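1. Can you look at this prediction? I've put the sequence above it.
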Amino acid sequence: MLFNSFIFAGFFVVVLALYRLVGHDWQNRLLLVASYVFYAAWDWRFCSLLLISTVVDYYVGGRLHTTDDERSRKRLLRLSMMTNLGILATFKYFNFFIDSATSLLSSVGLDASSPVLKVALPVGISFYTFQTMSYTIDIYRRRLEPVDSIRDFAVFVAYFPQLVAGPIERASNLLPRIQRDRAHSRQQDLEGLWLMLWGLFKKIVIADNAAIVVNEVFASDTPSSGFVGLVAVYAFALQIYCDFSGYSDIARGASKLLGIELMLNFEMPYRSQNPSEFWRRWHISLSTWLRDYLYIPLGGNRGGELLTYRNLLLTMTIGGLWHGAAWTFVAWGMFHGLWLGAHRYLSEKRPAASPTPVLRLLKQIGTFHMVCVGWLFFRAESFGQVFNFLETMVLDLTITSDLGRYVFIVVVLSAALLLLEGWHRSVDDPSASLGWHRGLGPTIVTGLVLTMIVLAPPAGGQFIYFQF
Amino acid sequence: MKLGRPMKPKWRTLQWIIIPVIMIIAVEGVARVGLSNYEEWYDSSATHNADIVFIGSSRVASGINAPLVSQVVSDEVEYRVKVTNQGRGGSTIVTHYLELRELIESGRLEQPIVLLELAGEVPAPLMRGTWDERWFHPKFPSLLARAMTGDDVDPFLEADHSRSERFAVLSRYAFNNSDLISFKDGWRDLFFDRGGKATGDVLDLFLPTTKGDGSGLSDAGGVATDAAGVERARELALERLENESRTGVVLDDWNATVLASLVQLVHDNGGRFVFFQMPVSSVFEIDFETDVHKENRTNFASSMNEWGTPLIEFDPGLDDESFPDLWHLGKDGADITSEQLGELLAQMIAAGEPGLTE
């Protein structure tokens, strides 16, 4: 049930209508049923995974709180970690590790037949397992008290607006909002509707059309020229940002209509001036999760310079693997780990003075292009394709007949994004200002809807992050 | 940021009706002026009173030079023969059936000779479906929607389509009177194609194109002629070679196909249905050696016999060099094919082949 489908629209309207008719207690019951229906629409069998995570972590959370014995507490935490990471390892990484081991054995001349798990990847598995792990870890650290109601906890794990692609909410943020009464206001509704419209526009118009360039060029191992390769990487930067932030906006908008605020997941990341800032603006819920539950427990920056670099590299590499079971994702994570380390090293050696506007722009352009190098690893099917693209970009700067079309698509979509995001940022609250500007609100909303009708590709794509 | 004074409540509500209506009317107007001639497939001026109609896939679109066929046939039979090429990428036998039915029933096409391509003496997969199977290519729902009438809705719903496919077609069909909706896919193509060409021209001012397509392909019927498109098409074709498990379905009952209905439609209205062998590259010729294909060829030959439909076979002597993307004929190959086909067609007409006389 994709957010950009009419089935979801119908589902959400029915859920919202019922939701507004009942009191808080029934609202949570309805959310729980709706969330499981939503997940069952992908594959009902995987609801059992949600249920296992929910029951185990609810039980572990409760016991952790009442147990003072450190050994028992560690055992309980291990149970939660093993359950969630076990689910992840089995369903997401089993084939990857087996294939890698088989390849390794083959490369040293050993013949190994590999078992293959023929199971589809449960959608959103990385998101909800990380979300429930944060609950038990926070209780273990005594930063959170367990929830009394298993129903409320089940809603926290399965909450449908953010179930399959985040934001990865912390229990300390989302659980209280599930537990307390929700108030609805016209302003809140307008904000929610606006976020959903804006997210749909980013997905349908920008991401899905950028995907046409990306899919055409990446279908070949080598682009027809370096410029075509470069434009395709720009297109992918556009696609992945609008696809993922579009999803997040729809999730936040839908949740706002249900009276539950979700955290901001993107903060104009391509305006970043360095990798550190990029990760404070990109997929904020994951980067803060990795910081709090991986980087800091590894020692963070408390163990000296070398250990800090090691921790950065390890955290980002694991972050890369979180995205997908492929070595190209691992390389993408390592690339960011190395880049963050290099940035840290240079910043410490030569603390930056406040940059001039020109220098700031140059830094933004430089950072964007480094991010794009990373996207090449992220999008490529193989390392061979990465190197072919890089080689062609350096050695074959010819203009091919297809370049004009690709440049046009990327320029038009980028301009639309810049213009609308610029406007978005210039007003305190776009949904509120829509009502006040003389004619501006209906003009923008009608313009967005008409553009979606006219420019939506015939077969709209799935959200990229669902596969993670 | 707030602009101007707050509006009166009445206007605040009314603006959400008035402005969208004005914008929709404006965009619809632009679509009618700017897009009315965009989709030339089964364009009325091209098909009106045509004597010979070529139908089929993008292979036909790029491989048949209709004016050349017209010239060759007209010279031989000594009267002007109007030829139109309605081959198109993404078209199916159902979309051709519905378009031809409309032309014949409205009297705009009288006793035509309709020619359908064969590959290895059997219709291509998109040209051999039954009424129970999917009616359209998933990327081209508009082609079907614009050809449908109210009577087609029920059979369409009974055929094997997913929910989203039904929605894609019926939502377009419901707004067939709106160019904004029914040319929805045309909007995108037009916007990106024209914008892309203009951008290419601008780029040429600074950095001339050093690596053109050089393909000699015609862009008719949705054939990609850009360098990446040609390269991708070649790769796809070559991937077929590596795929050893060539699967296919043996079709026993050709009378149950939409093609049989189309042959019947043309014959019932005094026209003539003719098949012709479309040249293909060696990548596709290997398909013809499979057992499934051989069985289909035998079955289809007996159906052609039963229907009384002639098959024009000829060998224009082309090799893979004539197929720049391995799928479609380049312009030179198309001219050779069209000339030979025109001559054979003229001979059939001159010899008084039933239904092919003046």
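-> Okay, I see it.
2. what secondary structure does the residue nearest the centre of chain B sit in?
-> Geometric centre of chain B, nearest residue: B:Arg88, 2.0 Å, by C-alpha atoms, centre = their mean. At B:Arg88 the chain is in coil, as set by DSSP: H, G, I helix; E, B strand; the rest coil.
3. pretty sure it is touching B:Ser62, no?
-> No - counting by C-beta atoms under 8 Å, B:Arg88 does not reach B:Ser62; the two are 10.2 Å apart. The C-beta positions use only the backbone N, C-alpha and C, and glycine is treated the same way.
4. about what we covered before: can you pull the pLDDT of the residue nearest to the centre of chain B?
-> The model reports B:Arg88 with a pLDDT of 89.
5. same check, this time on the one 10 residues further on
-> Note for B:Leu98: predicted pLDDT of 95.
6. any idea how far chain A is from it?
-> 19 Å (C-beta to the nearest C-beta, to the nearest Å).
7. part of a strand, is B:Leu118?
-> Yes - assessed with three-state DSSP, B:Leu118 lies in a strand.
8. Which element, helix or strand, includes B:Asn49?
-> Counting by DSSP states H and E, no helix or strand carries B:Asn49.
9. What's the local residue count around it?
-> 12 (other C-beta atoms under 10 Å in any protein chain shown).
10. what's the nearest residue to it once chain neighbours are set aside sitting at in phi/psi?
-> Nearest residue to B:Asn49, sequence neighbours excluded (C-beta to C-beta, 6 or more residues apart in numbering or on different chains): B:Lys82, at 6.4 Å. Main-chain torsions, B:Lys82, degrees, to the nearest 10: phi -90, psi 120.
11. Tell me which residues touch B:Lys82, please.
-> Shown in contact with B:Lys82 (C-beta atoms under 8 Å, 6 or more residues apart in numbering or on different chains): B:Asn49, B:Ala50, B:Asp51, B:Ile52, B:Ser70.
12. quick one: pLDDT of it?
-> So, for B:Lys82, pLDDT stands at 92.
13. How about B:Glu242?
-> 61.
14. next one: the one 3 residues further on
-> B:Ser245 is assigned 47 on the pLDDT scale.
15. Equivalent analysis for A:Phe160, please.
-> Value for A:Phe160, per-residue pLDDT: 92.
16. what do you get for A:Pro457?
-> Confidence score, pLDDT, at A:Pro457: 80.
17. Is it correct that it falls within a helix?
-> No - counting by three-state DSSP, A:Pro457 is not part of a helix but coil.
18. What distance do you get for the nearest residue to it once chain neighbours are set aside to A:Cys242?
-> Spatial nearest neighbour of A:Pro457, excluding adjacent residues (C-beta to C-beta, 6+ apart): A:Asp208 at 5.0 Å. Here the criterion is C-beta to C-beta, to the nearest Å. By it, A:Asp208 lies 9 Å from A:Cys242.
19. When the two are compared, which one has more neighbours?
-> Of the pair A:Asp208 and A:Cys242, A:Cys242 is the one with more neighbours under other C-beta under 10 Å, namely 27 against 23.
20. Around the spatially closest residue to A:Phe11 that is not a sequence neighbour, how many other residues sit close by?
-> What sits nearest to A:Phe11 in space, not counting adjacent residues and going by C-beta to C-beta, 6+ apart, is A:Met1, at 6.3 Å. When neighbours are defined as other C-beta under 10 Å, A:Met1 has 17 of them.
21. Check what pLDDT A:Met1 gets.
-> Confidence score, pLDDT, at A:Met1: 73.
22. Give the full set of residues in contact with it.
-> Per C-beta under 8 Å, 6+ apart, neighbours of A:Met1: A:Ile7, A:Phe8, A:Phe11, A:Phe38, A:Ala41, A:Trp42.
23. which of the residues you listed has the most neighbours?
-> Busiest of the contacts of A:Met1 [other C-beta under 10 Å] is A:Phe38, holding 20 neighbours.
24. does the residue of chain A most remote from its centre count as helix, strand or coil?
-> Outermost residue of chain A with respect to the C-alpha centroid, by C-alpha atoms, centre = their mean, is A:Gly109; its distance is 39.8 Å. The local conformation at A:Gly109, judged by three-state DSSP, is coil.
25. re earlier: please report how far the residue nearest to A:Phe11 lies from chain B.
-> 12 Å.
26. what's the spacing between that residue and A:Arg438?
-> 39 Å.
27. ok, B:Val249 - contacts?
-> Here B:Val249 is in contact with B:Val292 (C-beta under 8 Å, 6+ apart).
28. Am I right that it is in a strand?
-> No - in this structure, B:Val249 is coil, not part of a strand, as judged by three-state DSSP.
29. Kindly give the local confidence score, pLDDT, for it.
-> At B:Val249, pLDDT is 79.
30. ditto for the one 10 residues further on
-> B:Leu259 is assigned 95 on the pLDDT scale.
31. Over to A:Pro351?
-> Per the predicted model, pLDDT is 68 at A:Pro351.
32. do the one 4 residues further on as well
-> Taken from the predicted model, the pLDDT recorded for A:Pro355 is 78.
33. Report how many residues lie close to it.
-> 12.
34. which secondary element of the chain has the worst mean pLDDT?
-> Reading this off chain A. helix A:430-436 (a mean of 65; mean pLDDT, DSSP states H and E).
35. ah, no, chain B please
-> Result, chain B / mean pLDDT, DSSP H and E: helix B:227-242, a mean of 68.
36. Tell me the one of the contacts of B:Lys82 nearest chain A?
-> Nearest to chain A, judged by C-beta to the nearest C-beta, of the contacts of B:Lys82 is B:Ala50 at 29.3 Å.
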